[in-house]
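Colleague: Output the structure for:
(one chain, ligands or ions: 2)
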Amino acid sequence: MNYQMVKFVAAYGTSAQVPASTSPEVSFVGRSNVGKSSIMNKIFGRKGLVKVSSTPGKTSTINFFDVEGATFVDLPGYGFAKVAKSEKGRWSELIEGYFAQDRRFALVVSLIDIRHDATKDDLRMVSYLEERELPYLVAFTKADKLSKAQQQKQVASISKQLAAIGANPIVVTTSSERGQGIDDLRALIEDAISQAS
Ligand SMILES: Nc1nc2c(ncn2[C@@H]2O[C@H](COP(=O)(O)OP(=O)(O)O)[C@@H](O)[C@H]2O)c(=O)[nH]1
Ligand SMILES: [Mg+2]
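Modeller: Ligands and ions are numbered 1, 2, ... in the order given. Below is the predicted model:
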């Protein structure tokens, strides 16, 4: 897949605006600031295409990108404490509205910060993906902030948290800063897209 061919398609503010799905979709979810925009830019090999927000919790639209007939979806981040109740309602509307649609879900990439325990919201997201039986994997982000030994320890510990809620997904340890795990992630994405095609 030639990621350099990526094109921004559109941003949608409500799930009702999202057009019917005509191509396999790879969707990115995670809490605000987990590194969603950064990992998408890294996968695409395009620095500023997906906006890396200086104001956490700001991304409140669903953003669609096209790469050679596959759709990459940047979903709004969850769990930002300072976001007003009304904004949280809008987040649920967007995410739940999007996942409730009859779409060609090829893969959901669920991002979790490797430095910390999975948050309640992370676990809620993963159990939602399990319940819906959507194809997904977990990508741990910001691995460059930890030593290799610490990374292994955190992978084991977060995987245990996931197992405790009945989730045993494929996990990939990544760094958008250093490029760690990005090729593995690209390969898994491409597999998922060809299975969904
Ligand atoms: N050290 C490091 N920082 C990262 C990494 N990924 C993202 N960041 C930083 O984390 C912040 C939030 O990133 P962003 O991609 O906007 O997160 P989003 O809100 O999930 O889209 C920014 O300051 C990024 O530069 C990473 O792999 N390593
Ligand atoms: Mg973002």
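Colleague: And the helices in this structure, which stretches?
Modeller: Taking DSSP state H as the test, the helices found in the chain are 36-44, 85-100, 120-131, 148-164, 182-196.
Colleague: between those helices, which gets nearest to ligand 1?
Modeller: Closest of these to ligand 1 is helix 36-44, at 3.3 Å (criterion: Cβ to the nearest ligand atom). All C-beta atoms are positioned from the backbone trio N, CA, C, and that covers glycine.
Colleague: what about the closest one and ligand 2, any contact?
Modeller: Yes. Counting by Cβ under 5 Å from the ion, contacts between helix 36-44 and ligand 2 involve Lys36, Ser37.
Colleague: Which strands and helices lie in contact with that helix?
Modeller: If contacts are counted by 3 or more Cβ pairs under 8 Å, 6 or more residues apart in numbering; DSSP states H and E, helix 36-44 sits against strand 25-30, strand 62-67, strand 70-74, strand 105-113, strand 136-141, helix 182-196.
Colleague: okay, these in CSV with distance to ligand 2, mean pLDDT and mean neighbour count next?
Modeller: Listed next are those as CSV, based on distance: least, Cβ to the ion, whole Å; pLDDT from 0 to 100; neighbours: other Cβ atoms under 10 Å:
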stretch, distance to ligand 2, mean pLDDT, mean neighbour count
strand 25-30, 9, 97, 24
strand 62-67, 8, 94, 20
strand 70-74, 6, 96, 23
strand 105-113, 10, 98, 24
strand 136-141, 12, 98, 24
helix 182-196, 17, 97, 16
